[in-house]
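**Student:** Quick check, what structure comes out for this input:
(2 chains)
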Amino acid sequence: MNKLKKITGKPLFLPIFCMLLVMAVNIVYDVSSGNFAFNFFTISVRNGVLYGRLIDILNRGSEVTILAIGMTLVVSASAGTDISVGSVMSLAASFCCMLLAGYGVSAANDLAVPLIVGVLGAILMGCICGAFNGFLVAYLNVQPMVATLILFSAARAIGLLLCNNLIVYVRNESFQFFGGYLGFLPTPIVIAAVCIAIVGILLKKTALGLYIQSVGINKRASRIAGLNSARIIFLCYLVCGLAAGIAGLVASSRISSADSNNIGLNYELDAILAVALGGNSLGGGKFNLAGSIIGAYTIQAISITLYALGVSTEQAPVYKAIIVILIVTIQAPPFKAWIKRMNAKRALEKGGAAA
Amino acid sequence: MKSKIASILICAAMVAAMVAGCGSKEEPAAAPTEQGTEADAPAETPEADAPEEAAPAGDGELVTIGFAQVGHESDWRTASTKSCQDVFSEANGYDLQFVDCDNDSAEQLNAVRTFIEQDVDYIIIDPIVATGWDTVLSECESAGIPVIIIDRTIDDSDKYVSWVGSNFKTEGLAAGEWLKAYTEAKNISEVNVLVIEGSTGASATIGRTEGFKEIADREGWTILDSQSGDFTQEGGQKVMESYCKSYEGKFNVVVCQNDNEAFGAMDAMKAASVSYGVNGDVILISFDACTAGLQFVMSGDINADFECNPLAAPFVEDVIKTLQSGGTPDKEVYMVEHWYVNEDILSSIEVNGESQELTVVTQDIIDAQY
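**Tutor:** So this is what the prediction gives:
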């Protein structure tokens, strides 16, 4: 009983519980449709690479996960969200493909510049956008939503200009690597894992995480205590932009083209949702990176589950909304308090009966 | 302080990049129109006639045309845009106001209202959605501006002069009839189809689904599943990835409602080691027949591709000329379309009771395609 309490008391218990709950739906579905019960969870090796729905979740969820890392830091430090990440993804992808294919070229089989230039270009473009957002928020004190709204609407359009209003195809195997496979693992999974590891180690081994939380809780007090609050906020937005650049690179490599209208469309909302599903407060301050990451994969698990259940694409958003409402409710403090009260009551009744 | 300077520099760089971006847009925008007319005149005789005919229509003054385009979500759309920009060029006696609405229907309504304010002579709309048009079309009517609809359709209003486009249902029917003839020729008795639809509610999606389903019902084929891939490569890839797992070994036909979805589906099937195309287990059917699509038809990755002709502008120009000379154009103008296949085993199919030719893709056809 005590052990159970210890587990349920952990901050990550509820996010993980919710994710497992979503996946459990598939067991019910598989059993009821007469399939093998763990059909959804089966991972096999095909063509020398891992294959299965779980791999799909990890693979397809990579972009949102990478975005969620940056978003968590931004939310924590500035108590606001960066709504430009989806558009920045698209801009980074467009810039990368423009570099690789050459300006005005709509389809290229050979790279115009070395691959590394395109990759660094995408990442640099992400960083520039992040720095722009960060400058507005940290040094000009513009509200985060307003500051990032600029690039939310402009970045996609700049991407279109860079691509001369075309979908730029880069049909080159070396470019397809980032959305393809590294050994037996899909590369996006590896990229996401590396991003998580780097940020995780940075937060754990340095005081950065503590600084970010402290700035998020009270910016002025942190400054008085000797922290350069503005610089920390700036840094968070920079990281968020960087994450968007990496995500954009992965997304465009997947389809080996820069489809500026559709890359990263609505991803900013998924990233914010991931932060919230991970049990983080959007009001800033304390944060839990692992929670956000679990949140991101939960969102992907929902999408893949809906595909697996054969829910028609038109109705899918409704089910997604219902699941999100449930998850958010389960994690809401009043609901938790209510559960606690019910438990206490039951314990009391039990105690009463025993006596 | 240092970081402040750095961030100011970065901001400056950002602004510079934006300005540079804006500048570079204007150059190519002007360039293709010139190049286009230059290239058209000597190369293609039918196109070359157009400017000579159009010149007197302008009476020395340019005919202003507002064009509210859907966006540029696919190669098809780009070809459609380019067709309009080439035909309605200044050299041909037109002043084209082009608005890319980025798939945002509110933006498109705005664009049309702006055209009314600018008092253009004609408005061309490629409607993003089929409904909600009556008010704005009434405004056009009271402003006395004729509206020509291209490509997609409008369901809730008839206050336009003419509609120029493809018969999507015929495309769907043709795909069905071809599949029937093909499976008969190849002795395939059981047909289990997976459909990757286009954007929900788009008339191309509705027409192609309807047409194909009609044949599928008649022939007793099983449509295992039908989900939307939003006409994008990523969408097609995602849906196919899931199909490969849900219906492993149960399907032998995949119908993608545009080429981009087919590219995505091919990637997904490759990853799941499902063989497709002419020598594969799965028959892959696509629509649109853009250049890249036809290349895959020639290489045998796509079995058949049903064209949706994007070059509406010459047909629209005919409508405008009819209006200029005081005539009444047809309410519905259907464009000529081709059905492309890889194998030369069938020469024609019967669609709606009339025999239609099948074209085997060669390099010449690819080069001539948009």
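
**Student:** and B:Gly249, helix, strand or coil?
**Tutor:** Here B:Gly249 is recorded as coil under DSSP: H, G, I helix; E, B strand; the rest coil.

**Student:** And for B:Asp230?
**Tutor:** Going by three-state DSSP: B:Asp230 is coil.

**Student:** and the longest helix along chain A, average pLDDT?
**Tutor:** In chain A, with assignment by DSSP state H, the single longest helix is helix A:229-254. The average pLDDT within helix A:229-254 is 96.

**Student:** And for stretch A:327-338?
**Tutor:** Regarding stretch A:327-338, the rounded mean pLDDT is 86.

**Student:** now stretch B:296-313
**Tutor:** If you average the pLDDT over stretch B:296-313, you get 93.

**Student:** same question, stretch A:312-319
**Tutor:** 84.

**Student:** For it, output the C-alpha coordinates as CSV.
**Tutor:** Output in CSV follows, covering the C-alpha atoms of stretch A:312-319 (Å, rounded to 0.1, in the frame of the first residue of the first chain):
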residue,chain,number,x,y,z
SER,A,312,-12.2,8.5,-40.0
THR,A,313,-10.0,11.5,-40.4
GLU,A,314,-12.9,13.9,-40.2
GLN,A,315,-14.0,12.7,-36.8
ALA,A,316,-10.5,12.2,-35.3
PRO,A,317,-10.2,15.7,-33.8
VAL,A,318,-13.3,15.1,-31.8
TYR,A,319,-12.0,12.0,-30.2
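
**Student:** how about the residues of the stretch 151-300 of chain B that lie near chain A?
**Tutor:** Residues of the stretch 151-300 of chain B lying near chain A by Cβ under 8 Å from any Cβ of the partner chain: B:197, B:200, B:225-228, B:230, B:232-234, B:237-239, B:241-242, B:245-246, B:263-264, B:271-273, B:292. Where you see a C-beta, it was placed from the backbone N, CA and C, and this is true even at glycine.

**Student:** circling back to that earlier point, the longest helix of chain A near chain B anywhere?
**Tutor:** Yes. Counting by Cβ under 8 Å from any Cβ, chain B has neighbours in helix A:229-254: A:Arg231, A:Phe234, A:Ala251, A:Arg254.

**Student:** Show me which of those residues is closest to chain B.
**Tutor:** The closest of the residues of helix A:229-254 next to chain B to chain B turns out to be A:Arg231 (Cβ to the nearest Cβ; 5.6 Å).

**Student:** what about the closest one, how many neighbours?
**Tutor:** A:Arg231 has 18 neighbouring residues, counting by other Cβ atoms under 10 Å in any protein chain shown.

**Student:** Please tell me I have it right and it contacts A:Ala138.
**Tutor:** Yes. Assessed by Cβ atoms under 8 Å, A:Arg231 is found in contact with A:Ala138 at 7.1 Å.

**Student:** Could you give the separation of the helix or strand hosting A:Arg346 from the chain centroid?
**Tutor:** Under the criterion of DSSP states H and E, A:Arg346 resides in helix A:333-354. Here helix A:333-354 is found 36 Å from its chain centre; the criterion is Cα atoms, centre = their mean, to the nearest Å.

**Student:** next one: stretch B:348-357
**Tutor:** 23 Å.

**Student:** pLDDT weak spots in the chain?
**Tutor:** I went with chain A, as the question did not name one. Low-confidence segments of chain A (pLDDT under 70): A:1, A:352-355.

**Student:** wrong one, I was asking about chain B
**Tutor:** Using pLDDT under 70, chain B drops low at B:1-60, B:73.

**Student:** one more time with 80, if that's ok
**Tutor:** B:1-60, B:72-76, B:202, B:370 (pLDDT under 80).

**Student:** At the geometric centre of it, which residue do we find?
**Tutor:** Note on chain B: the residue nearest the mean C-alpha position is B:Trp76, at 4.2 Å, using Cα atoms, centre = their mean.

**Student:** That one - that's part of a strand, no?
**Tutor:** No. Using three-state DSSP, the assignment for B:Trp76 is helix, not a strand.

**Student:** Please report the distance of it from A:Lys219.
**Tutor:** 51 Å (Cβ to Cβ, to the nearest Å).

**Student:** B:Thr153 now?
**Tutor:** In this structure, B:Thr153 and A:Lys219 are 55 Å apart, going by Cβ to Cβ.

**Student:** These two - which one has more neighbours?
**Tutor:** Using other Cβ under 10 Å as the criterion, B:Thr153 and A:Lys219 rank with A:Lys219 on top: 21 against 17.

**Student:** quick revisit: other SSEs contacting the helix holding A:Arg346?
**Tutor:** When contacts are defined as 3 or more Cβ pairs under 8 Å, 6 or more residues apart in numbering or on different chains; DSSP states H and E, helix A:333-354 packs onto no helix or strand at all.

**Student:** same thing but at 10 Å, please
**Tutor:** Secondary-structure packing of helix A:333-354 (3 or more Cβ pairs under 10 Å, 6 or more residues apart in numbering or on different chains; DSSP states H and E): helix A:316-331.

**Student:** how close does B:Lys105 sit to B:Ala202?
**Tutor:** Quick fix: residue B:105 reads Ser, not Lys. 11 Å.

**Student:** joint contacts of these two?
**Tutor:** B:Val70, B:Pro127, B:Ile128, B:Val129 (Cβ atoms under 10 Å, 6 or more residues apart in numbering or on different chains).

**Student:** that older thread, closest to B:Thr114 out of the residues of helix A:229-254 next to chain B?
**Tutor:** A:Ala251 (32.8 Å; Cβ to Cβ).

**Student:** From what I see, the closest one and A:Leu91 are in contact.
**Tutor:** No. Look at A:Ala251 against A:Leu91 with Cβ atoms under 10 Å: they stay out of range, at 11.7 Å.

**Student:** Which residue, neighbours along the chain excluded, lies closest to the residue in the stretch 251-370 of chain B positioned nearest to chain A?
**Tutor:** The nearest approach of the stretch 251-370 of chain B to chain A comes at B:Ser273, 4.9 Å away (Cβ to the nearest Cβ). Ranked by Cβ to Cβ, 6 or more residues apart in numbering or on different chains and with sequence neighbours excluded, the top spatial neighbour of B:Ser273 is A:Asn47, at 4.9 Å.

**Student:** quick one: the strands in the stretch 201-350 of chain B?
**Tutor:** For the stretch 201-350 of chain B, the strands defined by DSSP state E, counting those that start in this stretch cover B:222-228, B:253-256, B:283-288, B:304-307, B:332-334, B:339-341, B:348-351.

**Student:** now those as CSV including mean neighbour count and distance to B:Ile145?
**Tutor:** Shown next, in CSV, are the strands of the stretch 201-350 of chain B (neighbours: other Cβ atoms under 10 Å in any protein chain shown; distance: least, Cβ to Cβ, whole Å):
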stretch, mean neighbour count, distance to B:Ile145
strand B:222-228, 19, 35
strand B:253-256, 28, 38
strand B:283-288, 27, 31
strand B:304-307, 27, 31
strand B:332-334, 14, 19
strand B:339-341, 23, 37
strand B:348-351, 18, 37
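
**Student:** quick one: which of the ones you listed is nearest A:Ser32?
**Tutor:** Going by Cβ to Cβ, the one of these nearest A:Ser32 is strand B:222-228, 17.6 Å.

**Student:** Relative to the closest one, what are the paired strands and their orientations?
**Tutor:** Applying DSSP bridges to the sheet, strand B:222-228 is found paired with strand B:192-197 (parallel).
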